[in-house]
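S.K.: the following block contains a protein sequence and its predicted model.
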Amino acid sequence: MLKIDTKNNAKRLLLIALVFIIAGLVGMAVRGFNFGIDFVGGTIAQFEMGRTFETAEIRAVTDSYDRDMIISSAGTGNTQVIIKSTINFEESVKAQIIDDFKAAFGITDDDVLSFDIVSPTIGKELRSQALKASAITIVCVLLYITVRIEFIAAFSSIIALMHDVLIMVGFYAIFHLQVNSSFIAAVLTILGYSINSSIVVFDRIKDETKKHSRSDIVGIVDDSLTKSVKRTLYTTVTTMLAVISLYVFGVTSIREFTLPMIVGFAAGAYSSLFVAPSVYFLMKSKKARQS
């Protein structure tokens with residue numbers, strides 16, 4: 001059975017997490033965020049191609065207008081193409097794009113299903129709602145774990161949640177991946193998943209507290225993690241296998257949702273097993289020394 005040595009490794013485990021967080025913060029400061037059309041507005045168009053197509057075929061037409069244009073398939077048999085750009089194209093440019101598609105793929109006016117401008121106002125509302133949802137989640141978690149276990153466990157869980165979000169956001173900043181509504185949905189999903197894993201660990205800590213002397217914080221945390229690590233790892237691995245399969249075999253819209261989840265699941269497993277318990281251990285040890 002894997003034995004966890006929290007006393008000697010707590011600060012080291014938190015330092016590892018801090019290194020990744022700092023790297024992400026540097027990425028945010030240096031590269032910033034690649035906000036998608038959902039946040040900054042832009043142009044979205046949909047064409048019926050009448051056949052399946054390769055992304056390279058579409059890019060041969062769209063790259064002259066926007067090399068960062070997002071291309072995805074839709075419709076029965078994936079015969080429709082959706083293009084998204086953060087550029088608000090003028091009417092003359094929109095007409096030229098339509099003409100280029102007609103010439104390149106032999107489509108007609110009836111095959112131009114939509115060609116619309118997306119307002120950045122939607123993005124502001126989306127950001128606002130996401131922040132409100134995250135804040136409500138954090139407050140509810142804090143209250144629930146405080147009542148069920150204790151405040152130090154609740155505070156440690158919040159630190160773990162912040163770790164997971166910062167890792168995901170930092171990953172997207174470093175690799176300049178597009179941040180869109182799928183990313184927000186994935187972040188909220190990870191918040192729920194991660195806090196569930198942390199609650200499992202702290203429930204075990206609560207049970208072990210009944211078996212040990214309350215002053216034996218080392219034994220309580222180590223035994224709790226030893227009994228929780230397999231369950232957390234098995235759950236994370238099986239979940240990630242399913243998500244990775246969706247990422248590998250899914251369409252673009254599915255990949256946009258699953259990529260941040262893959263990063264978040266990995267970060268969540270680490271924070272549930274090592275960040276939250278380490279913060280809990282250090283705070284409890286400090287409290288014991290002061291009393």
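M.R.: Alright, I've got the coordinates.

S.K.: ok, the closest residue to Thr189 other than its chain neighbours to Asn9 distance?
M.R.: Distance criterion Cβ to Cβ, 6 or more residues apart in numbering; nearest residue to Thr189, sequence neighbours excluded, is Met261 at 6.3 Å. To be clear about C-beta, it is placed using only N, CA and C from the backbone, and glycine gets the same treatment. According to Cβ to Cβ, to the nearest Å, Met261 and Asn9 sit 28 Å apart.

S.K.: neighbour-wise, which of these two wins?
M.R.: Comparing Met261 with Asn9 by other Cβ atoms under 10 Å, the one with more neighbours is Met261, at 25 against 15.

S.K.: tabulate the CA atom coordinates of the helix or strand encompassing that one in PDB.
M.R.: Taking DSSP states H and E as the criterion, Met261 maps to helix 252-270. Provided in PDB are the C-alpha atoms of helix 252-270 (Å, rounded to 0.1, in the frame of the first residue of the first chain):
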ATOM      1  CA  THR A 252     -13.900  20.400 -33.100                       C
ATOM      2  CA  SER A 253     -16.600  21.500 -30.700                       C
ATOM      3  CA  ILE A 254     -16.100  18.400 -28.600                       C
ATOM      4  CA  ARG A 255     -12.400  18.900 -28.500                       C
ATOM      5  CA  GLU A 256     -12.800  22.500 -27.300                       C
ATOM      6  CA  PHE A 257     -14.800  21.200 -24.300                       C
ATOM      7  CA  THR A 258     -12.700  18.100 -23.500                       C
ATOM      8  CA  LEU A 259      -9.200  19.700 -23.700                       C
ATOM      9  CA  PRO A 260      -9.600  21.900 -20.600                       C
ATOM     10  CA  MET A 261     -11.300  19.000 -18.800                       C
ATOM     11  CA  ILE A 262      -8.200  16.800 -19.400                       C
ATOM     12  CA  VAL A 263      -6.000  19.500 -17.900                       C
ATOM     13  CA  GLY A 264      -8.400  20.100 -15.100                       C
ATOM     14  CA  PHE A 265      -8.800  16.400 -14.100                       C
ATOM     15  CA  ALA A 266      -5.100  16.100 -13.800                       C
ATOM     16  CA  ALA A 267      -4.800  19.200 -11.700                       C
ATOM     17  CA  GLY A 268      -7.800  18.200  -9.700                       C
ATOM     18  CA  ALA A 269      -6.400  14.800  -8.800                       C
ATOM     19  CA  TYR A 270      -3.100  16.500  -7.600                       C
END
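
S.K.: packing partners for it?
M.R.: Applying 3 or more Cβ pairs under 8 Å, 6 or more residues apart in numbering; DSSP states H and E, one finds that helix 252-270 contacts strand 70-74, helix 151-174, helix 181-209, helix 217-249.

S.K.: residue contacts, Gly50?
M.R.: By Cβ atoms under 8 Å, 6 or more residues apart in numbering, Gly50 lies in contact with 79, 107, 111.
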